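In: what would the 3D arrangement of this be:
(2 chains)
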Amino acid sequence: MNNIPHFVDIASINQDTIAYLIDRSFFFKSTQKTHDRDSIAKYNGKGLILLFLEPSTRTRVSFRRAALKLAFDIQMLDPNTSSLIKGEKFVENFLNLEKLGFEIAVVRHARSGALHFLKPFVTISLVNAGDGCHEHPSQALLDLVTIKEKMGNLKGLRVGIVGDIIRSRVARSDIQVLKKFGSEVFLIGPPHFVTKAFESLGTNVLYEYGDILKTLDVVIMLRIQTERIEYDPLLSLSWYRENYAMTLERFGSLSTHAIMLHPGPVSLGVEMDEEVLHEKRCLSYEQVENGIYARMAVFDWIMQGRKNKCY
Amino acid sequence: MLLIKNAYIVDPEAIYSGFGQILIKDGKIEALLKPKESVNMNLLEGVIDASGCHVIPSFVDMHAHFRDPGYEHKEDIESGMRAAIAGGFGYVCTMANTSPVNDNPLVTQYMLRKANNLGIGELIPIGAVTINQKGKKLCDLNALKKAGCRGFSDDGMCITDSLLFKDALSYTKLLQTPLIEHAEDPGLNGFRGINDGIMAAKLGIEGSPSVSEASMVARDVEILRSTGGILHITHISAMESLKYIEMAKSQKLSISADVTPHHLLLTEDAVDGFCTTAKVNPPLRTKEDKEALLSAIASGIIDAIATDHAPHSINEKQTYFTDAPSGIIGLESAFPVLYTLVESGKLSIERLAYVLSISPGKIVGIQNLGLNKGSVGSFGIWEIDDKKRVLESPKYSKSSNCPFTGWNVKPILKKFIFQGRLVYES
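Out: The predicted structure is shown next:
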């Protein structure tokens, strides 16, 4: 079952494939702009299931919109009313989904590595919509699409990721994808949120901004993942804000060409001021839009990989 | 009498290693003979030709889990003992985290009876320190010792209550029995089974840092200094722990330590891709830790190699990384994989044999293991030549959670003699 196309982590996808996915994202975006939608609605009736075992709004809706645009037959499974939850029945339930004719399963799971555990057992193609604190590869793809759209080139870009890195699956995917394309990555946050171990992933770890902001081309702000924090090590939110938040003043110190991203949801007044969110160079709404095309590109790539194969 | 001829004899105390013959009578070594020395064939009941083989004293595993009573689907005393002798271990200390816990003489007696009925090796029960290993109240350590326990340990449940630890340690002096400590401050840990390093950062799992172990070793040493007692720190994994042990030894405190084969041979990289087979507690750490542990084994800061043989069924290991139990099995693979350290010149075969046999034997009270006149006749006959073989999945253990399966190794155990009797033949 090794040759089944999955999209479960950035770590195992090579740079050429990601470059292809970026191009395809731009292609799908262009077809929307030119109203050439019919030409891409080509997976009529192919089964795709969305299985979100953790709360999600924008990611779930985005995946669904992407699937709709490609005319998949979409099923959404509600973990609250379905027997398919977790534990020892997890694998068996995916085998059932295969027999029900689904070809792609988009899965969000609370456990890091849940999809890696599944992969050897299934012939359904898995798309990771976030597994624990591990990875969120489609978010990294749409971040890359958004950055490339504005900056043109990724090589040599200086990118700062700020906030709760240790619990962020977005940060882990972003770090790996940016490193693949030759960007320089700076991780900024208090030591409770980013450890020196991250330097072994090829990043620079900073516990305060110092003079770094004005040298960055891209800043990715992250929210504090309060739902994953059992013991809160922060002195106070005002202390955090004072030292790490993207205030209007800090935003002003960025280089004029620099852009800012946030994967959402934004905790306004904590990691970012509301005024900053509405700045032109803050691209969080563009990220939401590009998310649909990036996910279309992922589905399309998987279906191309499955073409003419019998599983 | 039994004669082992054409053997290459490995003497862990490095007095004499070389070719020779071993004569065994009444379960003991009657004489060591020169290669060509003649023997009265009429007196012999059997002859084993050990051409091409090393004869190495029986290993003593200070730390194994046989899961019996209570979790026999993972391992039981028979499968565990058979795995042990297939790996050259005639003596195995079994930890107390069975169900029920070995915190009273009835459980100890059950273990000993079952192992003795097999008659292929010696099981050495390690009693719990606290009742049900809950860290609240001391067991009757005296009763456990009388029943046959030769060490006390709550193993995975480190005794975080310092007063209780101090009290337990003071009894070890009176009972002349070591307390075997799994040093770990759980308050400093994220998930157990993965180092808080590069893989934790990559895989998105908060790991267990070295400081969790080292800070507890530091506490233990200070309490040992003030109380006295016999302390053994088991499965050291972090280089930071070593300086405390070295200091305690230099101050003549009664302390010893062991390390596992997996901490000597693997790093945290082994858990990449969420590999649950390599999930173990304490976790596999960095290359620097691995090298420091190896130096400590060579220099004597660490006294012994113990497997921490921890069987888990495939179903238990085949789940999400964070949910899978920690543990690696090692009885059958230990010597073949450790021999790679001899091949690369990092350890002499005598030192390796010493830390697997004589040294742990001394700590738990197994004497006369060397290959000398009058010693117990327990040893393995290992074929070691230039051929490398692929290490197969463990044959005798009920579990297969061994990350070394598939390694290319040289030694293969041909025969195992326990107290003068042939108990294993490949």
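
In: from here on, just use CA atoms for contacts and neighbour counts.
Out: Noted.

In: distance of A:Lys99 relative to A:Asn93?
Out: Distance, A:Lys99 to A:Asn93, by Cα to Cα, to the nearest Å: 10 Å.

In: of the two, which one has the most company?
Out: A:Asn93 (15 against 11; other Cα atoms under 10 Å in any protein chain shown).

In: and the closest residue to chain A within the stretch 301-426 of chain B, how many residues sit next to it?
Out: Residue of the stretch 301-426 of chain B nearest chain A, by Cα to the nearest Cα: B:Tyr320 (5.5 Å). B:Tyr320 has 22 neighbouring residues, counting by other Cα under 10 Å.

In: and the strands in the stretch 51-200 of chain B?
Out: B:53-57, B:59-64, B:89-94, B:122-125, B:179-181 (DSSP state E, counting those that start in this stretch).

In: low-confidence ranges, chain B, go.
Out: By pLDDT under 70, the low-scoring segments of chain B are B:14.

In: tell me which residue is most central in it.
Out: B:Ala306 (2.2 Å; Cα atoms, centre = their mean).

In: could you list the contact residues of the stretch 101-250 of chain A toward chain B?
Out: A:111-114, A:116-117, A:132-135, A:166-169, A:172, A:197-198, A:200-201 (Cα under 8 Å from any Cα of the partner chain).

In: quick one, phi psi at B:Arg285?
Out: phi -110, psi -140 (degrees, to the nearest 10).

In: residues in contact with it?
Out: By Cα atoms under 8 Å, 6 or more residues apart in numbering or on different chains, the residues touching B:Arg285 are B:195, B:197, B:237-238, B:263, B:267-268.

In: residues touching the closest residue to chain B within the stretch 1-150 of chain A, list them.
Out: When scored by Cα to the nearest Cα, the stretch 1-150 of chain A has A:His134 as its residue closest to chain B, at 4.0 Å. Listed by Cα under 8 Å, 6+ apart, the contact set of A:His134 reads A:112-113, A:168-169, A:172-173, B:202-205.

In: how about a cut-off of 7 Å?
Out: If a contact means Cα atoms under 7 Å, 6 or more residues apart in numbering or on different chains, then A:His134 has A:112-113, A:169, A:172, B:203-204 as its contacts.

In: mind checking which of the residues you listed are in helices?
Out: Those of the contacts of A:His134 mapping onto helices are A:169, A:172, B:203, per DSSP state H.

In: can I get those residues in a markdown table with distance to B:Thr405 and neighbour count?
Out: As requested, the ones in helices among the contacts of A:His134 are exported to a markdown table (distance: Cα to Cα, whole Å; neighbours: other Cα atoms under 10 Å in any protein chain shown):
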| residue | distance to B:Thr405 | neighbour count |
| --- | --- | --- |
| A:Arg169 | 32 | 24 |
| A:Arg172 | 31 | 27 |
| B:Leu203 | 24 | 23 |
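
In: B:Leu369 and B:Pro57 touch, don't they?
Out: Yes: B:Leu369 lies in contact with B:Pro57 (Cα atoms under 7 Å); the separation is 6.3 Å.

In: if you count surrounding residues, which of those two has more?
Out: Taking neighbours as other Cα under 10 Å, B:Leu369 and B:Pro57 compare with B:Pro57 leading, 32 against 24.

In: now that one: closest residue in space that isn't a chain neighbour?
Out: Excluding the flanking residues, the one nearest B:Pro57 by Cα to Cα, 6 or more residues apart in numbering or on different chains is B:Phe379, at 4.1 Å.

In: ok, residue 135 - how many residues close by?
Out: Here I'm looking at chain A. Neighbours of A:Glu135 using other Cα under 10 Å come to 29.

In: other chain: chain B
Out: B:Gly135: 19 neighbours (other Cα under 10 Å).

In: any idea how far B:Gly327 is from the residue nearest to it when sequence neighbours are not counted?
Out: With Cα to Cα, 6+ apart as the criterion, B:Gly135 has its nearest non-adjacent residue at 5.6 Å, and that residue is B:Ile159. Distance, B:Ile159 to B:Gly327, using Cα to Cα: 20 Å.

In: with B:Met239 instead?
Out: 21 Å.

In: next: B:Lys249.
Out: 29 Å.

In: repeat for A:Ile49
Out: 36 Å.

In: how about A:Arg24?
Out: 45 Å.

In: where do the strands of the stretch 201-311 of chain A begin and end?
Out: A:204-206, A:218-221, A:259-261.

In: what's the first one packed up against?
Out: Going back to what we said before, that points to strand A:204-206. strand A:184-188 (3 or more Cα pairs under 7 Å, 6 or more residues apart in numbering or on different chains; DSSP states H and E).

In: number of residues surrounding B:Met157?
Out: By other Cα under 10 Å, neighbour count at B:Met157 equals 18.

In: report the contact partners of it.
Out: Per Cα under 7 Å, 6+ apart, neighbours of B:Met157: B:Gln133.

In: give me phi/psi at A:Leu283?
Out: Dihedral angles (degrees, to the nearest 10) for A:Leu283: phi -110, psi 30.

In: could you report the distance from the spatially closest residue to B:Thr234 that is not a sequence neighbour to B:Ile302?
Out: Counting by Cα to Cα, 6+ apart, B:Asp258 is the residue found nearest to B:Thr234 once chain neighbours are left out, at 5.0 Å. Per Cα to Cα, B:Asp258 is found 6 Å from B:Ile302.

In: ok, now A:Leu248?
Out: Taking Cα to Cα, one finds A:Leu248 at 57 Å from B:Ile302.

In: hmm, the lowest-mean-pLDDT helix or strand in chain A in reach of chain B?
Out: Every helix and strand of chain A was ranked by mean pLDDT, DSSP states H and E. The lowest is helix A:90-99, at a mean of 86. No: Helix A:90-99 lies out of reach of chain B by Cα under 7 Å from any Cα of the partner chain, never closer than 9.3 Å.

In: now stretch A:169-188 - C-alpha only, CSV.
Out: Extracted C-alpha coordinates of stretch A:169-188, given in CSV (Å, rounded to 0.1, in the frame of the first residue of the first chain):
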residue,chain,number,x,y,z
ARG,A,169,0.8,22.1,14.1
VAL,A,170,0.7,25.1,11.7
ALA,A,171,4.2,26.2,12.9
ARG,A,172,5.6,22.7,12.4
SER,A,173,4.3,22.4,8.8
ASP,A,174,5.3,26.0,8.0
ILE,A,175,8.8,25.5,9.3
GLN,A,176,9.4,22.4,7.2
VAL,A,177,7.9,23.8,4.0
LEU,A,178,9.7,27.1,4.3
LYS,A,179,13.0,25.3,4.9
LYS,A,180,12.4,23.1,1.8
PHE,A,181,12.2,26.3,-0.3
GLY,A,182,15.3,28.0,1.2
SER,A,183,13.6,30.6,3.5
GLU,A,184,15.3,31.5,6.8
VAL,A,185,13.0,30.9,9.7
PHE,A,186,13.0,32.7,13.1
LEU,A,187,10.8,31.4,15.9
ILE,A,188,9.9,34.0,18.5
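
In: give me the contact list for it.
Out: Contacts of stretch A:169-188 (Cα under 7 Å, 6+ apart): A:10-11, A:15, A:130, A:132-137, A:139-140, A:154-163, A:165, A:203-209, B:202, B:204.

In: so of those residues, which ones are in helices?
Out: A:15, A:137, A:139-140, B:202.

In: which one of those residues sits closest to A:Tyr231?
Out: B:Lys202 (21.7 Å; Cα to Cα).

In: quick one: residues contacting A:Arg158.
Out: A:183-185, A:216-218.
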